[in-house]
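Engineer: sequence unknown, structure follows:
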């Protein structure tokens, strides 16, 4: 049966049909829709497949590893930078090995549509020495989930499934297969204790599997060679394949790569059949760099490193056309009457009131800095607020403010959202408390994970307790309601807490207007249903 | 046969509903389809677009090449202009004529309209007024789809009507009727221009 599915949805359905028992994830564009699909899927609900959001990618990765240990199939989903958060657990899961199939899904965001960098998760696959799948289209995305679970179970390692924004958020018809049973509970009897003596042996085991991984790539149905008798050979990875086909159809020699590790044998053979190679890959030049060590220093390789394709940004049919030497067709120039329209905080959003108050109070200090964090409220960096000096990674607002305060900066203010605070802010706050750092932390609590579309936030109703538990003094945990009418109170409290020499936490709390509207609609619906 | 369409507007204007209707019609008609959407950060009042590709043949790229778009369907006039480099020299722009101004440096309206009018094939209309007149103030996006319907060609007007009925069936007969009325008003307006 054919279904019109986003790449993300194809992966979710592929996982359910492959007998998934749990998805573990923290929301992050462009990966969020995978978990959301599973949360609302009928079969998944009937089966009781775990799909509740996790506090961060590390807790997600570890919980999924635990489910795998118990013998069941688990999926971990995250955006590319989530791989950094779970890297410790991820890399070591390759050493422990797995029991039930374990897929780690990383959704990369070349062009940084909704991200702070464009790191390529294939590096992580190579780093952890595990197989990587990279679908070129929605159908492959669906099919690969089942293949990846099988490979994971037969090789006893986690498998990385790497997608990019354009696949995650693009819809196409997918031929959907049958529903399979879940694995039975079957806890591992192997030792997963990574003490040095055991880890050394397991690392040698993992290295010993590399030849088998290469062989799996060589025989993979997702990797294929197309021959048209050309002098230039094109290595096309993941969705790069689509842009090549869009431009040259069947008139090209292509080595399509959708399963890694690369097979040096296949690469060498392809190079020998051609005079030069063009590497078309979305993200960073992972394959371009790797094959240079396989084909010899003098062999001509073109790609992102040589400037034949742009060094940054996602691939497009146009930049690939240029790399293929295809002349650009006729097109209109850019319009003259055009202005950028950046995203902005919604009218009526509580974050707006927080920034209005912060800017008013801080204007009275000569050398203040506000350290920001990741979420809708990062938009406070843009006009009209221009309130932030930094935004680096999840949780960095509190720890950077602490470091700056340690250096003598005053006032050092951190602003962080509720979901980001529980994701990675709590440990930094404990550091600040233990050091009695002179910082003011604003936890702008909108009762949801707003930027990714309003998912449940792990700490809702727990923030005062968390702050007190971490040791913030009770008189310096202050809650306000961010509304224009409360401005005198909010600014007074902000001023008092900035003046306090130590750690203070101010929690402006008002529900996100998007989720508030959604909840109102749901209540209305429930009311009508009860009539 | 193939048709490449860019749907665009400002986050929250409902372009994805238009995409959903076209997607349903295309699936029902047995066409191949790829539809690249924008989710996440840009939905917050920023510019949004969706690349929609329909074809009787296999479609590879999720993105439309520059100069390749047959129809730009826009909920906002300046947003229509944003995709000019992607419009085919023989393509058509179907757009709302009413600016949505949420930025301080929005271009001067007369110059903007003059640039739009200088394009070879443009259909523009105050879709919000038409929707209001059709008794469905929230149906501006369906008016726009109706305006674009004669240019989509690979799908008939009737196929799109059927898709509207399917997509909105969940919300009840009244909503289906209101959206069909808005759609029909768009088709009529388009045929008059």
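Structural biologist: Looks like it arrived, so ask away. Quantities reported herein were computed from a predicted structural model and do not represent experimental measurements. Residues are numbered from 1 along each chain as shown, chains lettered A, B, ... in the order given.

Engineer: geometric centre of chain B: which residue is closest?
Structural biologist: Residue closest to the average C-alpha location in chain B (Cα atoms, centre = their mean): residue B:73, at 3.3 Å.

Engineer: and residue B:190, that one's in a strand?
Structural biologist: No - counting by DSSP: H, G, I helix; E, B strand; the rest coil, residue B:190 falls outside a strand, being helix.

Engineer: so where's chain B shaky on pLDDT?
Structural biologist: Scanning chain B for pLDDT under 70 picks out B:40-43.

Engineer: where along it do the helices fall?
Structural biologist: Using DSSP state H, the helices of chain B run over residues B:15-28, B:77-82, B:109-117, B:127-133, B:140-152, B:157-168, B:173-192.

Engineer: now, of those helices, which is deepest in the fold?
Structural biologist: The highest mean neighbour count among the helices of chain B, using mean count of other Cβ atoms under 10 Å in any protein chain shown, belongs to helix B:140-152: a mean of 27. Every C-beta, even on glycine, is put in place using the N, C-alpha and C of the backbone.

Engineer: sec struct for the spatially closest residue to residue A:226 that is not a sequence neighbour, please.
Structural biologist: Nearest residue to residue A:226 in three dimensions, chain neighbours excluded: residue A:254, at 4.4 Å (Cβ to Cβ, 6 or more residues apart in numbering or on different chains). For residue A:254, the assignment made with three-state DSSP gives strand.

Engineer: so what's residue A:254 bridging to?
Structural biologist: With DSSP bridges as the criterion, residue A:254 is bridged to residue A:226, residue A:234.

Engineer: now residue A:370
Structural biologist: Beta-bridge pairing of residue A:370 under DSSP bridges involves residue A:413.

Engineer: OK, contacts around it?
Structural biologist: Taking Cβ atoms under 8 Å, 6 or more residues apart in numbering or on different chains, we find residue A:370 in contact with A:358, A:362, A:387-389, A:413-415.

Engineer: gap between it and residue A:412?
Structural biologist: 9 Å (Cβ to Cβ, to the nearest Å).

Engineer: over to residue A:18?
Structural biologist: Computed as Cβ to Cβ, the residue A:18 to residue A:412 distance reads 49 Å.

Engineer: ok, these two, which is more surrounded?
Structural biologist: Using other Cβ atoms under 10 Å in any protein chain shown as the criterion, residue A:18 and residue A:412 rank with residue A:412 on top: 27 against 24.

Engineer: right, and the more buried one touches residue A:371 too?
Structural biologist: Yes - between residue A:412 and residue A:371 there is a contact under Cβ atoms under 8 Å: 7.1 Å.

Engineer: enumerate the residues of the stretch 251-400 of chain A near chain B.
Structural biologist: The stretch 251-400 of chain A comes close to chain B at residues A:316-318, A:321, A:328-346, A:376, A:379, A:383, as judged by Cβ under 8 Å from any Cβ of the partner chain.

Engineer: what's the closest non-adjacent residue to residue 65?
Structural biologist: Picking chain A for this. Among residues not flanking residue A:65 along the chain, residue A:93 sits closest, at 5.1 Å (Cβ to Cβ, 6+ apart).

Engineer: wait, chain B was what I had in mind.
Structural biologist: The shortest distance from residue B:65 to any non-neighbouring residue, by Cβ to Cβ, 6+ apart, is to residue A:317 (4.1 Å).

Engineer: what of residue B:189?
Structural biologist: Nearest one to residue B:189, counting by Cβ to Cβ, 6+ apart, is residue B:125 at 5.3 Å.

Engineer: now do the one you found against chain A, distance only.
Structural biologist: Taking Cβ to the nearest Cβ, to the nearest Å as the measure, residue B:125 falls 19 Å from chain A.

Engineer: which residues touch that residue?
Structural biologist: B:96-97, B:143, B:147, B:186, B:189-190, B:193.

Engineer: returning to that earlier point: shared neighbours, residue A:412 and residue A:371?
Structural biologist: Shared contacts of residue A:412 and residue A:371 (Cβ under 8 Å, 6+ apart): A:401, A:404.

Engineer: before we move on, back to that, surely the residue nearest to residue B:65 meets residue A:243?
Structural biologist: Yes - assessed by Cβ under 8 Å, residue A:317 is found in contact with residue A:243 at 5.1 Å.

Engineer: more neighbours, these two?
Structural biologist: In this view residue A:317 and residue A:243 are compared by other Cβ under 10 Å, and residue A:243 has more residues nearby, 30 against 22.

Engineer: per-residue pLDDT, the residue nearest to that one when sequence neighbours are not counted?
Structural biologist: Nearest non-adjacent residue to residue A:243, counting by Cβ to Cβ, 6+ apart: residue A:320, 3.9 Å away. We have a pLDDT of 98 for residue A:320.

Engineer: around residue A:320, count how many other residues there are.
Structural biologist: By other Cβ under 10 Å, the residues close to residue A:320 number 26.

Engineer: contacting residues around whichever strand or helix holds it?
Structural biologist: Counting by DSSP states H and E, the element that carries residue A:320 is helix A:317-323. Helix A:317-323 has contacts (Cβ under 8 Å, 6+ apart) with A:240, A:243-244, A:246-247, A:278, A:280, A:302-303, A:308-310, A:328, B:61, B:63-66.

Engineer: buried among these? Make that a ChimeraX selection.
Structural biologist: Buried residues within the contacts of helix A:317-323, by 16 or more other Cβ atoms under 10 Å in any protein chain shown, are selected in ChimeraX with:
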select /A:240,243,244,246,247,278,280,302,303,308,309 /B:61,63,64,65,66
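
Engineer: so which of the contacts of helix A:317-323 belong to strands?
Structural biologist: If you go by DSSP state E, the contacts of helix A:317-323 have A:278, A:280, A:302 in strands.

Engineer: got the end-to-end distance for stretch A:252-267?
Structural biologist: Taking Cα to Cα, to the nearest Å, stretch A:252-267 runs 17 Å from one end to the other.

Engineer: list the buried residues in it.
Structural biologist: Neighbour-count burial for stretch A:252-267, counted by 16+ other Cβ under 10 Å, picks out A:252-263, A:266-267.

Engineer: stretch A:31-39 now?
Structural biologist: Buried residues in stretch A:31-39, counted by 16+ other Cβ under 10 Å: A:31-39.

Engineer: do the same with stretch A:376-386
Structural biologist: Neighbour-count burial for stretch A:376-386 flags A:376-381, A:385 (criterion: 16+ other Cβ under 10 Å).

Engineer: what's the farthest-apart pair in these?
Structural biologist: The span of the buried residues of stretch A:376-386, defined through Cβ to Cβ, is set by A:376 and A:385 at 12.3 Å.

Engineer: for the stretch 151-300 of chain A, which segments count as helices?
Structural biologist: Under the criterion DSSP state H, counting those that start in this stretch, the stretch 151-300 of chain A contains helices at A:165-168, A:196-208, A:210-219, A:240-248, A:264-272, A:286-295.

Engineer: turn these into CSV, columns for mean pLDDT and distance to residue A:522.
Structural biologist: Shown next, in CSV, are the helices of the stretch 151-300 of chain A (pLDDT from 0 to 100; distance: least, Cβ to Cβ, whole Å):
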stretch, mean pLDDT, distance to residue A:522
helix A:165-168, 97, 27
helix A:196-208, 97, 48
helix A:210-219, 98, 46
helix A:240-248, 98, 39
helix A:264-272, 97, 53
helix A:286-295, 96, 44
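
Engineer: out of the ones you listed, indicate the one that is most buried.
Structural biologist: Of the helices of the stretch 151-300 of chain A, helix A:165-168 is the most buried (mean count of other Cβ under 10 Å), at a mean of 30.

Engineer: follow-up on the earlier one: and which of the contacts of residue A:370 is nearest to residue B:108?
Structural biologist: For these, the nearest to residue B:108 is residue A:387 (30.5 Å; Cβ to Cβ).

Engineer: looking at this, the closest one is in a helix?
Structural biologist: No - under three-state DSSP, residue A:387 sits outside any helix and is assigned coil.
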